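# Provide a 3D model corresponding to the input given below.
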Amino acid sequence: MGLVAAAAFTWLGMVLAISFLEAPLKFRAPGVTVPLGLGIGRLVFAALNRVELVLLLLVAGGLLLAGTRPALVLVAAALAAAVLAAQLGLIRPALNRRSERVLAGEELPRSRAHLYYVVLEVAKVVALVLLGATALTPVG
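Numbering: from 1, shown residues only. Now for the predicted structure:
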């Protein structure tokens, strides 16, 4: 289960650093306009999501290789996977469409999709903490 824990905690660190540190701070940097920040954010989150998929595959592989898989580990892994699927399949497309409109010069009100994404990021953080910690807990 060491591979599962390592992948979970690496994934957790990336989500915390990017979603809760880089994303909000980039708009406070001098000279960063909304279009520039959106362009940077799209690049960074696309890269993060690709890495998240790789880490999810490592988690799945580690679970397949593990002899005994406690139910809580499976639940936490399934929750992290479901959250990522919702983000990539439902919310990111809406955010991408919105950012394309803003980059094209439209003035739009704040988006609820961002709030939904953040709520799911918090759920993913909880799932990854639980996954990593339970994967390190000895079975038996």
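# low-scoring stretches of this protein, by residue?
For the chain, the stretches with pLDDT under 70 are 140.
# now the helices: where do they sit in it?
2-17, 23-26, 34-65, 71-86, 92-103, 112-136 (DSSP state H).
# Just name whatever secondary elements the longest one is in contact with.
Which is helix 34-65. Applying 3 or more Cβ pairs under 8 Å, 6 or more residues apart in numbering; DSSP states H and E, one finds that helix 34-65 contacts helix 2-17, helix 23-26, helix 71-86, helix 92-103. In this view, the C-beta of every residue, glycine as well, is placed from N, C-alpha and C.
# buried sites along the third one?
So that's helix 71-86. For helix 71-86, a neighbour-count test (16 or more other Cβ atoms under 10 Å) marks 73, 76-77, 79-81, 83-84, 86 as buried.
# now that helix: how far from the chain's centre is it?
How far helix 71-86 lies from its chain's middle: 12 Å, per Cα atoms, centre = their mean, to the nearest Å.
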